[in-house]
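Q: Quick check, what structure comes out for this input:
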Amino acid sequence: MRLSPRSLSFTLLLGALVTLASFATDMALPVLTQMGASLGVAPGRAALSLSVFMAGFALAPLVFGPVSDHVGRRPVLLASCAMFALFGGLGAFSRSLGALLLWRLLMGSGAGGCQVLVVAMVRDFFTGVEARVKQSYVNLAAGVAPVIAPTLGVAIAALGGWRAIYGALALGGTLLFIAASLGLQESRQGKLERTLSARRAVAGYVRVLTHRRSVGYILLVALNFGCLFAYVSGSSLVLINVLGVSQRVYGMLFAATSLGLMVGSLSSARLSRRGVSHHRLITWGIWAIVGTALLLLGFTFAGIIRVVSLVPVVVIGFIGQGIVRPNAVQGALEPVPEIAGVASAVLSALQMFCGALASALVAALFDGRSAIAMTSMMAICAVTAAGVYAFVVRPAERERPAERGVQDAGRGIRDAGRVMRGA
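A: Numbering: from 1, shown residues only. I've put the predicted structure just below:
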């Protein structure tokens, strides 16, 4: 019953696995007040459940990634999915905030493991254009979650309260565990080992962090994610508190901007299949992200930012995000295929750090009267990401032919030495 990596079912399954984090956070957003009242705490403290989930999501891949490089992707992915389902179910029966926070931390760890291993599996099975197309389609499937999750959360909570949401998440995790155990084969190539030393794990991280091309693409993904999260965290503050839209209208506008990510991912896949280079796609996407972020900052300084000017511009920027991300993710993993789990873990952790930092700064600097905190943070992240691509990634890519020649020469010298010793 193993699915072919080239099949639509395989892509949809991977896409579903990376939506776990979005559903677990976005479905819970509308019921934080209800959950706090049930547990006897203020809504602000109930919101800690989101923070600890994201902490687990960011940190756990740093362990799961290197482990999967040695024991295989499939067992670690199944363990991560099982963690999400088990601790989601336990969260539904929590009687105190402390217990809920513990289960949410472990639940986030499971979601983070699924995320990092899906990215690594795509790199294991595919290279070049095929890999970028597959990453784009996985992102396209994952883009559905932010559009429907808040509304789905409200509907489920209306039937059974906030605990029903955790029950539904546990059920979804269980179904995905069954589907993955039946449909996914091991993707890690080469000899697998059953033990992993700390020294070997650290060596893998050092190699990724000192590989100019890989770390450059990782920074590109992380900084663009910071730009995206600056909008996600500041959009409700600006649209509701500054521009005066209702919560219902805000939900519709948020869904519209999320559709931009899906359009970008689909465009990336289609253009890659038609032979458009990843460099050109990333350049187009970066121009869209930087241009829209600076335009929004200009609107803010001019005092002319409105709903009709904000949302369409953000949609264009999100299309750019959908184009850049799959190409940059593959660019980060492609140079280090044998430790793709480590590279994926570094990427996941750093992007969550940038997203959390951008979100915290937007919330801290929001003045209650303007969008300056949100738009300035979006512009800073976008311009910095463009600088990383121009001055780190592109020079590293131009150096690759020379590096390959030096490596080939080194292998030739070693082979000649072995021949002489044998003689």
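Q: Going along the chain, name the strands of the stretch 301-423 of the chain.
A: In the stretch 301-423 of the chain, no strands are defined using DSSP state E, counting those that start in this stretch.
Q: Count residues in the vicinity of the nearest residue to P5 once chain neighbours are set aside, would you?
A: Distances taken as CB to CB, 6 or more residues apart in numbering place F125 nearest to P5, at 4.3 Å, with adjacent residues excluded. Bear in mind the C-beta positions are built from the backbone N, C-alpha and C, glycine included. Number of residues near F125 (other CB atoms under 10 Å) recorded here: 17.
Q: check contacts around R2.
A: 182-185 (CB atoms under 8 Å, 6 or more residues apart in numbering).
Q: Which of those are buried? Put it as a PyMOL command.
A: Entered in PyMOL, the line below selects the buried ones among those, by 16 or more other CB atoms under 10 Å:
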select buried, resi 184
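Q: can you list the weak-confidence ranges in this protein?
A: 29-30, 44, 190-197, 247, 400-423 (pLDDT under 70).
Q: again, only using 50
A: 402-423 (pLDDT under 50).
Q: domain parsing for it?
A: For the chain, automatic domain parsing gives the domain ranges 1-183, 212-399.
Q: Quick check, central residue of this structure?
A: The centroid of the chain falls nearest to S348 when counting by CA atoms, centre = their mean (6.2 Å).
Q: for it, what are its contacts?
A: 57-58, 61, 65, 112, 115-116, 119 are the contacts of S348 under CB under 8 Å, 6+ apart.
Q: could you dump those residues to JSON lines with secondary structure and neighbour count?
A: Formatted as JSON lines, the contacts of S348 follow (DSSP: H, G, I helix; E, B strand; the rest coil; neighbours: other CB atoms under 10 Å):
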{"residue": "F57", "secondary structure": "helix", "neighbour count": "27"}
{"residue": "A58", "secondary structure": "helix", "neighbour count": "21"}
{"residue": "P61", "secondary structure": "helix", "neighbour count": "31"}
{"residue": "G65", "secondary structure": "helix", "neighbour count": "32"}
{"residue": "G112", "secondary structure": "helix", "neighbour count": "32"}
{"residue": "Q115", "secondary structure": "helix", "neighbour count": "27"}
{"residue": "V116", "secondary structure": "helix", "neighbour count": "33"}
{"residue": "V119", "secondary structure": "helix", "neighbour count": "28"}
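Q: Can you tell me which of those is closest to I339?
A: Comparing these against I339 with CB to CB picks out G65 as the nearest, at 8.4 Å.
Q: Do I have it right that that closest one meets V119?
A: No - contact between G65 and V119 fails when scored by CB atoms under 8 Å: they sit 9.4 Å apart.
Q: what's the overlap in contacts for the two?
A: In contact with both G65 and V119: 344, 348, using CB under 8 Å, 6+ apart.
Q: Can I get stretch 237-246 in PDB, CA atoms only?
A: Presented in PDB, the C-alpha positions along stretch 237-246 are these (Å, rounded to 0.1, in the frame of the first residue of the first chain):
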ATOM      1  CA  LEU A 237      -4.300  45.100  15.700                       C
ATOM      2  CA  VAL A 238      -4.300  47.200  12.600                       C
ATOM      3  CA  LEU A 239      -7.400  46.100  10.800                       C
ATOM      4  CA  ILE A 240      -9.700  45.900  13.800                       C
ATOM      5  CA  ASN A 241      -8.300  48.500  16.200                       C
ATOM      6  CA  VAL A 242      -7.000  51.100  13.700                       C
ATOM      7  CA  LEU A 243      -9.100  50.600  10.600                       C
ATOM      8  CA  GLY A 244     -12.200  49.500  12.400                       C
ATOM      9  CA  VAL A 245     -13.300  46.300  10.600                       C
ATOM     10  CA  SER A 246     -15.400  43.800  12.400                       C
END
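Q: what comes up buried for it?
A: Buried-residue list, stretch 237-246, by 16+ other CB under 10 Å: 237-239, 242-243, 245.
Q: What is the most widely separated pair among the contacts of S348?
A: A58 and V119 (14.4 Å).
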